[in-house]
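A.B. asks: Below are the sequence and a predicted model; questions follow.
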Amino acid sequence: MSDTALSSRPTDRVGPSENRGKVPVPILLFLILAILVPIEFSFYVGPLFMTASRAYLLVLTFMLLPHLGQLKLRLFDWFFIGHVAWAVVAFVVIYGPGGSIEMSGSYVLEFLVVYLAARVYLQTIEQMRATIGVIFVMVFVSGIFAFPEAFTGIRFVHEIASGITGINYKFDPEMRMGITRAASFFEHPILYGVFCASSFSLIWFISTPSQRMYRMPIIMFATWLSASSAPLLTLLVQIGLLLIEPYTRKYKRRDKVLGWLVAGFAAFMQIFTGRGVVGLVMMITINPGTAYTRRAQWNFAIDDVMRNPWFGFRPELYTRPFWLAPSIDNWWLLIMMRTGIPSLILMALCALFMWIAIARREGPPLFNSLRTGWGMAMIAIILGAATVTFFGKLQPLFAFYMGMGAALATCTLPVAGAEPVAQTDQRGPVYTRFPKMNRDAARPTDRTVATRSSSNRIR
């Protein structure tokens, strides 16, 4: 195993003969429809509300079916499936079989189908790098539309979409730091900002030094245009991890060291401050009133969670004073409110065992860079989710990042020295599906050897 999921040096240079791979078409279509299509293009099928991405995911479900029989599920896969299954049962218990149809269906589509799509179609690290490159392009495009929106107060994307469809989506014209909080293609400025910020470390570790000179400022400026606390927290956490990462490379098993430090810090905060880590994170806001509201939400809602620990309750009915709005600005708290404590535990176990599986793999520099970037991004997203609810476009985006982690834990890796089939000097690294070969083989040389798998099973 390498040092950790937060280990290895970034890939600073990519050889011209290396096969960069392409984004699988199903993944590309999902990203376009989930991120760049505004909510005004939604429609109803009877009583069911359908966004463009949900309609596509319904089609994608049938595209995935032929692959599922070949998919070898790992422990973290089962935890993720268990989370979705528990959530569906909780919806049925709380809202009844009829009232839970839309909630259950959308949750399965935006969580399980998205996760499985990333798990099935992202089979090589080159495909993942290409996918992250597409995400940067989408951050750039979103930022282009957010820039005039922030300084004029006109939500151009949604105005144009509303003019086409006739559907109006209400936005609050809130200003912070002298600008209107931009939302771009998203339903809320926070969602837009978290999308931009969450890509920071992933894009850092697939970029050359010259690319970082313009890519990182673009992401930071696009995030700033949202004028939101959660995106800025997500961004600053990744920048902090990037600053300390080079100084920890010499330490072995720094993943365990990091885990013990986090656990110790959490215990200290819980025992000696009375706030805990969640309370501390929720206090990090631009608006002091927002921090007070989030703390009050936690204090009142967590009591209702403990009274309904198994399947949760209707979040809008949680016990609160008259002055406290029914909204919740903490996704982890909302998961417990909607689907119970076991649902959150299953999600946490999925992330933990996925992290362990990724950290135990050995691979070429690109794999190590992807692993490091994904690990930093997930730490930032986990902390950011304590200050915002992932609704709208962020819900399937989170599932996609989880699916990307599962793909990293199971993808084929370039090796040399396996069963020779053909030789080439130009095509770059070739992939094998044998984990032991991936672990034991030497690093690829200039002259790579193609391999043929004896199994067609998707790992």
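C.D. replies: In hand now; what should we look at?

A.B. asks: what comes up buried for the helix ranked longest in the chain?
C.D. replies: The helix that spans the most residues within the chain, counting by DSSP state H, is helix 125-152. Within helix 125-152, the residues scored as buried using 16 or more other CB atoms under 10 Å are 125-133, 135-136, 138-139, 142-143, 145-147, 149-150. C-betas here are computed from N, CA, C, even on glycine.

A.B. asks: Flag the shaky bits of this structure, pLDDT-wise.
C.D. replies: 1-20, 251-290, 415-459 (pLDDT under 70).

A.B. asks: Domain-wise, how is it divided?
C.D. replies: In terms of domains, the chain is parsed into 25-409, 415-449 (source: automatic domain parsing).

A.B. asks: roughly how far apart are G403 and P342?
C.D. replies: Per CB to CB, to the nearest Å, G403 is found 22 Å from P342.

A.B. asks: scratch that, R360
C.D. replies: From R360 to P342 the distance is 27 Å (CB to CB).

A.B. asks: So G403 and P342 - more neighbours on which side?
C.D. replies: Higher neighbour count among G403 and P342: G403, with 27 against 19, using other CB atoms under 10 Å.

A.B. asks: Report the angle between the helix or strand the more buried one falls within and helix 125-152.
C.D. replies: If you go by DSSP states H and E, G403 is part of helix 394-410. With axes from the mean of the first three to the mean of the last three CA atoms, to 10 degrees defining the directions, helix 394-410 sits at 160 degrees from helix 125-152.

A.B. asks: just the strands in the stretch 101-250 of the chain please.
C.D. replies: 175-176, 179-180 (DSSP state E, counting those that start in this stretch).

A.B. asks: And the last one, what does it pack against?
C.D. replies: Under the contact criterion of 3 or more CB pairs under 8 Å, 6 or more residues apart in numbering; DSSP states H and E, the helices and strands touching strand 179-180 comprise helix 125-152.

A.B. asks: Report the distance from the helix it packs on to the chain centre.
C.D. replies: Centre-to-centre, helix 125-152 and its host chain are 15 Å apart (CA atoms, centre = their mean, to the nearest Å).

A.B. asks: How about stretch 200-208?
C.D. replies: For stretch 200-208, the distance to the chain centre is 15 Å (CA atoms, centre = their mean).

A.B. asks: ok, and for that stretch, which residues are buried?
C.D. replies: By neighbour count on 16+ other CB under 10 Å, the buried set for stretch 200-208 is 200-207.

A.B. asks: Name the residues of stretch 70-80 that are buried.
C.D. replies: Residues of stretch 70-80 classed as buried by neighbour count (16+ other CB under 10 Å): 71, 74, 76-77, 79-80.

A.B. asks: Am I right that M376 is in contact with Q238?
C.D. replies: Yes. Between M376 and Q238 there is a contact under CB atoms under 8 Å: 5.2 Å.

A.B. asks: okay, and the common contacts of those two?
C.D. replies: Shared contacts of M376 and Q238 (CB atoms under 8 Å, 6 or more residues apart in numbering): S201.

A.B. asks: Just the helices from the stretch 151-300 of the chain, written as ranges.
C.D. replies: 156-165, 189-198, 200-205, 209-224, 229-244, 254-272, 276-282, 288-307 (DSSP state H, counting those that start in this stretch).

A.B. asks: To A351, which of the ones you listed lies closest?
C.D. replies: helix 254-272 (12.5 Å; CB to CB).
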